[in-house]
Each structure stands twice: as structure tokens, then as C-alpha cells.
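Peer 1: my questions are about this predicted structure, shown below with the sequence.
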Amino acid sequence: MCGIVGVVSSAPVNQLIYDALLLLQHRGQDAAGIVTQQERKFFMHKARGMVRDVFRTRNMRSLPGNCGLGQVRYPTAGNAYSDEEAQPFYVNAPFGIVLVHNGNLTNARALKAELFSSDHRHINTESDSEVLLNVLAHELEKTTRGLPLQPQDVFEAVSGVHRRIKGSYAVIAMIAGHGVLAFRDPFGIRPLCMGRADGTVLMASESVALEGTSHKFERNILPGEAVFIDLKGKVHARQCALQPVLHPCIFEFVYLARPDSVMDGISVYQARLNLGETLAKRVISTVPPNEIDVVVPIPESSRPSAAQLAQLLGLPYREGFVKNRYVGRTFIMPGQSVRKKSVRQKLNVIASEFRGRNVLLVDDSIVRGTTSREIVQMARDAGARKVYMASAAPPVRYPNVYGIDMPTADELVAHNRTVEQIRQLIGCDALIYQDVEGMKRAIGSLNPAIQGFDASCFDGVYVTGDITPADIARLNSNRVAFEEDVEDNSRLALPNHDE
């Protein structure tokens, strides 16, 4: 999962892209990059780190031009510790193309071999985004055959990309001297939207990047659709997939996206309120409300669900944890010992909210269980009589292969375990999960036009239809090897990720 931005404007865009990336910082804190174009020349700066650390005044001054791209990276493929794999990526032919990508290609390995043997293109990193860029470049070269580029050529090239690649992808690319292209995979797994201001067209992963930069949200890019904006700001659009269907990633609404975003017609905040409402019904069936003294959210994504649950059950809602915002997300940190230490650095208890009380903790989801176990113990150490835990999401039982960093099944606390076994591992007095169908109804009711969701980490159904047990095993083995390498190398600093 990453955050991407693309813009065509009548004014310089470097500051606009920077501001938009700040609004998308929650989607990736490993690396950041911006590329702009002036007189058919690209100007790029990218590095590991957060936006405010990567870009200084001297860097911004070296990014002239009225169109450009930006990305904040959260690595799920390739080498997380390589500056070379920060985006944007560049290829010099045809025309010169730079690209940013949010998602994960599930057939990247096969494509890399195909690009080398058949298309005679060299991939120099382990990033699937470089593979995607070269597939796009090859298809664009086939459609133009040396002739001047027309919008229909761009759309034919995107159709070729759809035929060749599998997985999740929201993409924005800039073609030197011609304009900016955006497209989305035929299932719409990863989000992408478009907005306008005077003389400017802006595309971004979430609507908050539009609204926060004074752009009016216009629409979402449809699954399989391509949008090409020429350098005069004229927008061309075409459906480029044969059988597109909207199945957005449901984990975006549960956890990943900012609550003030609207994605595919669904308010993320309202989705989380709805999850709290359906979760309240499940709590009643497990723990009588008169046995709960207070409802405490685990910051921060769970707050809307916890508040709605508390209101429906007629219980006090209290903030019992204070979050240190400068410690990264623990479920994507390598090594259980590192995660355990990070929980105490990340959260501190307000002891008066726990002492002598039966407390219901509400979290947005439980992935590995390490954080949950530590938080339950923190509540007990603060004097809680009983500690109940409720998850606004169902058990995470299956690997995610579409761009969320939880691919290894053995790392998931719910994999091959019953709820009672999970409760014992976490150490709480009762454990209440959302159910899968309830989650889908709660979120899907906000936009009946959505035909379904990618909920693969909850139900094991991979919407692209190309994931086999062998693919999962390969991803798992790659991930295990990567984490062992990180833990054995004390010179490497931990990546600073966020939601």
C-alpha cells in the first residue's frame, strides 16, 4: 500500500505535490519521491524517509514544471531498504516515461522473465513497479510504432497492460512531452480519484489529498479505466478492460485509509461507524453490557467504531491510551521481539480509566496478536478487573497478496486457530470478533453500486482468481527470508511505517 499523486496544471506543481503527499503520509513512510516535467525534461528527487525529511528547500527548487507525480512508499515487494526502489521509476523509451504505483503484481516474477526474453527489456531492481513500468512502455511502443502519440494509442497500451499483468494496481504515469496517464486494475482493488481547481487536474489515492489542497472532488477512476490528461489540461477517458468489476479492498475502510476520505462513494468514517454498530450486536451476545464499565478504543482507527458501539450499548466511552505518533505501525515491523518493545513505546495508559473496572477494549483489527497481547497486559497492570477485547474486523486468517504487508500465514494469530485459542493467546477475559458477512453488509450498504469487496485476508477469496497455494507458499518463503535477513543485520534501521 502506497500513496500516489499526479497533476497537470497551468502553474508550477512542486509545492502542490508536496502538500498532497503530506496528506497521504499515512499510506507510506518508508520513502517519498516527486518528479516534474519542464520542456520535455524530467526533474526527480526521491529518497528513503518521510516527506518532510526527504524534501528540503533546495530539493523543491530543483523540481520545476507544470505537471508531475509523487509517491509515498510502503514496501510490500522488493527490497525495503534500497534507495533505488523508491518511486517514481523512469524508463527512457518510448518518449520517456515516469511512473508511480500503488498495489502489488501477483505475476511479477513471470513478467520479469518475459520482459527479458521476449520484450528485450532489463529490470534492474526487485520492485514490481519497475516491471509494471516496462510492460506499459513496451505496450506503448507497440501501439505508436514511431508515430506521433494520440490518446487512443495510450488507451490501447493500457488495454495491453490489463491483458498481461495480474494483481492490484492504481497507476499514474507521465509521458514526456504529452501528458499524464492514470489507470486502475479491472477490479478496482486499490483506490484512485480525480479532482479539479482553477487550471489544475489532480489525481490521488484518497479524496483527502484533493480536499486538503483546495481541489473539488470530481469522480473516482473506474476499475479498468484509463484517464489521459494532455499538457493543455484536456481530459480523455476510456474503459480499457474487457470485464471490469468494482471489488475494492475492504481493509482500506477497516484500517488503511484516513477517516475523512471518501472512497468509491463510501465515507470511510461512516463505514467505521457502521462496523461499530454491527459489532455492538455481537458484543451483547457474548458479554452482557451490565458487566462492562467502560469502552476504550485502541488508537487510532478504532475510535469511530468504539464510539458507536459505546453509544448503542449505553456505556461510557473513554480514552484510556495515549499514542506516541512518532512510532510506526507495529504489525509491519520485522521480528516479534521488536514489535513487543514498540507497543510500550507507542502507547501509554491513563491508569485512572482502568483501575477497578471491567474494560472493553475495541480495536480496528487483530493481525498478529502481539500488540493485542501487550495492550491487554497493560490494561491489567493499570488495575483493570477484567479485560474484554472486541475487533471491528473479522479474524485475519489468510495472507494478503494485493499490497498489504501480511503475507505469511503463520504470522497471523487467527490462522488455523479458534476464537477461544486466540483469546487464550491474547490473554483477555472475552474476545469478540466482527463476522465477515456483517462487515461486508455494514460497508457495502453505503454504496449499493459496489458489487463486492476484496476481503481475501478475512475469507481467503482472491478476486483476481489467479492465486494458488503454490503462490502463497512462494510469497511466504520470500517474506520469511526477508525478515530473517533484517533481524540478522543490526546495521539496518527499522522502516518507519504508518497505517
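Peer 2: That came through fine.
Peer 1: stretch 115-128 spans what distance, first to last residue?
Peer 2: Using CA to CA, to the nearest Å, one end of stretch 115-128 lies 12 Å from the other.
Peer 1: same question for it, mean pLDDT?
Peer 2: Averaging pLDDT along stretch 115-128 gives 90.
Peer 1: list the buried residues of that stretch.
Peer 2: 115, 119, 121, 123, 126-128 (16 or more other CB atoms under 10 Å). C-betas here are computed from N, CA, C, even on glycine.
Peer 1: residues in contact with that stretch?
Peer 2: For stretch 115-128, contacts defined as CB atoms under 8 Å, 6 or more residues apart in numbering pick out 77-79, 82, 84-85, 87, 89, 101, 104-105, 108, 112, 130-131, 134-135, 137-138, 167.
Peer 1: now stretch 409-427
Peer 2: 366-369, 372-373, 376-377, 380, 387, 389, 395-399, 406, 430-431, 433, 472, 476.
Peer 1: and the helices in the stretch 101-250 of the chain?
Peer 2: Secondary structure of the stretch 101-250 of the chain by DSSP state H, counting those that start in this stretch: the helices cover 108-117, 128-144, 151-164, 207-211, 250-251.
Peer 1: show me how far the last one is from its chain's centre.
Peer 2: In this case it means helix 250-251. In terms of CA atoms, centre = their mean, to the nearest Å, the centre of helix 250-251 is found 9 Å from the chain centre.
Peer 1: what's that helix packed up against?
Peer 2: helix 436-444 (3 or more CB pairs under 8 Å, 6 or more residues apart in numbering; DSSP states H and E).
Peer 1: mean confidence score for the helix it packs on?
Peer 2: Per-region confidence: helix 436-444 scores 97 on mean pLDDT.
Peer 1: try stretch 463-481
Peer 2: On average, the pLDDT along stretch 463-481 is 73.
Peer 1: can you tell me which helices and strands the helix or strand hosting residue 15 packs against?
Peer 2: Element membership of residue 15, judged by DSSP states H and E, is helix 14-23. Applying 3+ CB pairs under 8 Å, 6+ apart, one finds that helix 14-23 makes contact with strand 3-9, strand 31-38, helix 51-54, helix 57-61, strand 67-73, strand 200-204, helix 207-211.
Peer 1: out of the helices of the stretch 101-250 of the chain, deepest packed?
Peer 2: Most buried of those, by mean neighbour count (mean count of other CB atoms under 10 Å): helix 250-251, with a mean of 26.
Peer 1: pLDDT wise, what is residue 347 at?
Peer 2: 89.
Peer 1: check contacts around the spatially closest residue to it that is not a sequence neighbour.
Peer 2: Closest residue in space to residue 347, ignoring its immediate chain neighbours: residue 321 at 4.7 Å, by CB to CB, 6 or more residues apart in numbering. Residues near residue 321 by CB under 8 Å, 6+ apart: 296-299, 347-350, 375, 378.
Peer 1: again with residue 308
Peer 2: Residue 308 touches 272-277, 280, counting by CB under 8 Å, 6+ apart.
Peer 1: show me what the residue nearest to residue 347 bridges to in the sheet.
Peer 2: residue 349 (DSSP bridges).
Peer 1: heads up, I number from 16, so please use that
Peer 2: Sounds good: first residue 16 from here, last item residue 336.
Peer 1: pLDDT score for it?
Peer 2: 95.
Peer 1: same thing with residue 512?
Peer 2: On the pLDDT scale, residue 512 is placed at 31.
Peer 1: and for residue 323?
Peer 2: Predicted confidence (pLDDT) for residue 323: 98.
Peer 1: domain parsing for the protein?
Peer 2: 18-260, 288-466 (automatic domain parsing).
Peer 1: redo these as CSV? Include distance to residue 275.
Peer 2: Below are the domains of the chain laid out as CSV (distance: least, CB to CB, whole Å):
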stretch, distance to residue 275
domain 18-260, 5
domain 288-466, 11
